[in-house]
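# 3D model of this:
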Amino acid sequence: MNVDRKGYFDRFGGRYVAEILYQPLEELERAFNEAMEDPLFIEELKRMQHQYVGRPTPLMKAENVSRLLDAEIYIKLEGYAHTGAHKINNALGQVLLAKKMGKTRVIAETGAGQHGIATAAACAHLGMPCVVYMGSTDADRQQPNVAGMELYGAQVVRVESGSKTLKDAVNEALRDWAGSFGETHYVLGSALGPAPYPDIVRTFQSIIGKETKEQTAELGFIPDTLIACVGGGSNAIGFFSSFLADDAVNMIGVEAGGRGEKSGEHAVRMSDESSRDAIIQGYKSRFLVDEDGQVLNTHSISAGLDYPGIGPQLASLGERGRITFTRASDREALDALKFFAEHEGVLFALESAHAAAVAIKLAQQKSLKGKTVINMSGRGEKDLFITSAVLRKEEWRSFLLDELKRLEETDV
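Model (predicted):
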């Protein structure tokens with residue numbers, strides 16, 4: 001294993017990889033730094049962000065919710081971006097970078113499926129073949145996203161090892177890359193992994209924070225509080241990045257409280273007693289591991305938040321106190337999803353609903369002061385197969401049985 005001091009955020013981050021991966025990571029770092037100084041690359045990326053992704057995404061004042069909660073709440077509607085979530089920002093940037101590097105194949109991992117959808121779409125748009133690794137547990141509960149990836153032309157590889165979720169998909173993608181990096185680029189989907197990935201993903205996602213800062217300035221204010229959900233952390237670090245130097249802006253990261261406090265019932269990395277410093281999947285951060293360093297099982301109703309680790313920059317900012325971390329349970333996320341849907345006409349993804357849940361809780365406690373912006377990192381249509389099974393179980397069961405019957409009777 002080759003270890004160097006690149007890509008550290010205090011004691012977190014770094015590059016802890018097998019010798020075989022050192023060369024492609026060095027190549028990637030050089031290519032990324034060159035691209036960020038290349039006016040033609042930046043111009044092409046901005047053009048596609050506008051014409052293909054649909055940026056800028058709106059910043060909306062939640063008038064009804066603000067009145068009901070006696071708080072001033074705004075929503076950054078990142079879910080309005082093409083493919084339905086923030087993931088397209090990073091995927092498009094990295095696939096364009098892969099083309100600039102002369103790569104002929106793209107691979108990715110995905111949890112909830114939004115990163116897989118975004119990477120598959122970006123590859124289709126830019127004419128690149130795509131393979132997406134997805135834990136079979138996640139694939140089973142996110143079949144609509146699997147179908148979407150395949151419609152975009154991607155090959156979806158079900159991962160049957162380990163807990164069959166995101167961490168296992170990452171492992172398989174890394175194995176693939178180790179044997180094919182000459183022609184392959186690995187589009188890592190969150191602000192984690194070995195350097196330079198945390199910097200790359202933050203940079204491509206920073207457009208969320210830049211737009212938010214510009215949009216709030218146009219409205220004549222600086223936000224008092226920013227709230228984002230945190231799995232690996234790409235939407236959060238992108239959202240927070242433009243405000244990190246302004247100590248007056250309160251930043252809250254919301255982790256998956258799941259269904260309970262016991263190990264395996266949640267994915268809380270920054271405050272749970274099972275969270276420890278560990279070196280996993282090429283970087284050092286806070287992970288849910290046992291005393292022997294073995295990764296623990298996690299749970300969240302949202303497949304995008306059940307990763308056992310957290311991005312190294314977010315871990316550093318949390319320990320410094322620049323970001324306050326808290327949790328929201330499955331039930332609280334579902335209640336928040338319903339509340340914003342019924343009163344504001346906005347359907348949060350289950351991941352983003354965790355951030356909405358904390359906004360509701362703080363407003364009810366009268367501790368949400370000034371102007372608050374929630375990052376709605378994704379739309380909730382992708383989760384209807386999950387939320388319907390909880391919120392309208394009998395109707396959903398009847399629908400599925402009828403669909404199965406129709407499927408068996410149809411020849412097409």
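# where along the stretch 251-400 of the chain do the strands fall?
Remark: strands assigned in the stretch 251-400 of the chain by DSSP state E, counting those that start in this stretch are 275-280, 283-288, 323-329, 371-375.
# any chance of these in a markdown table, plus mean pLDDT and distance to Ile310?
Quick note: C-beta positions are derived from backbone N, CA and C, even for glycine. Shown next, in a markdown table, are these (pLDDT from 0 to 100; distance: least, CB to CB, whole Å):
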| stretch | mean pLDDT | distance to Ile310 |
| --- | --- | --- |
| strand 275-280 | 95 | 9 |
| strand 283-288 | 97 | 5 |
| strand 323-329 | 97 | 9 |
| strand 371-375 | 98 | 16 |
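# quick one: which helix or strand includes Ser66?
In the assignment (DSSP states H and E), Ser66 maps to helix 63-69.
# Past that helix, which element shows up next along the chain?
As assigned by DSSP H and E, the chain's next helix or strand after helix 63-69 is strand 72-76.
# elements contacting that following strand?
Counting by 3 or more CB pairs under 8 Å, 6 or more residues apart in numbering; DSSP states H and E, the packing neighbours recorded for strand 72-76 are strand 59-61, helix 63-69, helix 207-218, strand 371-375.
# ok, back up a step: can you name the residues in contact with the helix holding Ser66?
If you take CB atoms under 8 Å, 6 or more residues apart in numbering as the criterion, helix 63-69 is touched by 72-73, 339-340, 343-344, 359-360, 363-364, 368.
# how far away is Arg259 from Ser274?
Applying CB to CB, to the nearest Å, the value for Arg259 to Ser274 is 16 Å.
# quick one, helices of the stretch 101-250 of the chain?
Counting by DSSP state H, counting those that start in this stretch, residue ranges of the helices within the stretch 101-250 of the chain are 114-126, 136-141, 143-151, 166-180, 197-205, 207-218, 234-240.
# Just the buried residues of the longest one, please?
Taking 16 or more other CB atoms under 10 Å as the basis for neighbour counts, the residues of helix 166-180 that come out buried are 166-174, 176-177, 180.
# same check, this time on the third one
Within helix 143-151, the residues that qualify as buried are 145-146, 148-149, counting by 16+ other CB under 10 Å.
# So which of those is the closest to Glu19?
Distance to Glu19, by CB to CB, is smallest for Met149 among these, at 32.3 Å.
# who does the host helix or strand of Phe41 touch, helix- and strand-wise?
Using DSSP H and E, Phe41 sits in helix 39-48. Secondary-structure packing of helix 39-48 (3+ CB pairs under 8 Å, 6+ apart): helix 19-36, helix 87-101.
# Would you mark the buried spots in the longest one?
Neighbour-count burial for helix 19-36, counted by 16+ other CB under 10 Å, picks out 21-22, 24-25, 28-29, 31-32, 35.
# Indicate which one of the strands of the stretch 251-400 of the chain is closest to Ala353.
Checking the strands of the stretch 251-400 of the chain against Ala353 by CB to CB gives strand 323-329 as the closest, at 7.9 Å.
# Just want the angle from the closest one to strand 283-288.
Here the directions of strand 323-329 and strand 283-288 differ by 40 degrees (axes from the mean of the first three to the mean of the last three CA atoms, to 10 degrees).
# Run me through the strand neighbours of strand 323-329, direction for each.
Paired with strand 323-329 in the same sheet, following DSSP bridges, are strand 250-258 (parallel).
# Alpha carbons of the strand it pairs with, as CSV, please.
Output of strand 250-258 as CSV, limited to C-alpha atoms (Å, rounded to 0.1, in the frame of the first residue of the first chain):
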residue,chain,number,x,y,z
ASN,A,250,-24.8,28.3,10.5
MET,A,251,-24.4,25.0,8.7
ILE,A,252,-26.3,21.8,9.7
GLY,A,253,-25.6,18.4,8.3
VAL,A,254,-28.3,15.8,8.8
GLU,A,255,-27.4,12.1,9.0
ALA,A,256,-29.7,9.1,8.8
GLY,A,257,-31.2,8.3,12.2
GLY,A,258,-32.9,5.2,10.7
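# Out of the helices and strands packed on strand 72-76, flag the one nearest Ala122.
Of all those, it is helix 207-218 that lies closest to Ala122, at 14.8 Å by CB to CB.
# circling back to that earlier point, now mean neighbour count too, for the strands of the stretch 251-400 of the chain, in TSV please.
Compiled in TSV, the strands of the stretch 251-400 of the chain are given as follows (neighbours: other CB atoms under 10 Å):
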stretch	mean neighbour count
strand 275-280	16
strand 283-288	25
strand 323-329	22
strand 371-375	25
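# okay, the ones you listed in TSV with distance to Pro196 next?
Listed next are these as TSV, based on distance: least, CB to CB, whole Å:
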stretch	distance to Pro196
strand 275-280	17
strand 283-288	11
strand 323-329	22
strand 371-375	24
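# To Lys99, which of the ones you listed lies closest?
Per CB to CB, nearest to Lys99 of these: strand 283-288, 26.0 Å.
# Distance from that closest one to the middle of the chain?
Chain-centre distance of strand 283-288: 17 Å, with CA atoms, centre = their mean, to the nearest Å.
# which strands and helices sit next to it?
Applying 3+ CB pairs under 8 Å, 6+ apart, we find strand 283-288 packed against strand 12-17, strand 275-280, helix 312-320.
# Not counting its own residues, what contacts the second one?
Surrounding strand 275-280, the residues in contact under the criterion CB under 8 Å, 6+ apart are 11-12, 14, 16, 167, 268-269, 284-289, 293, 295, 308-309.
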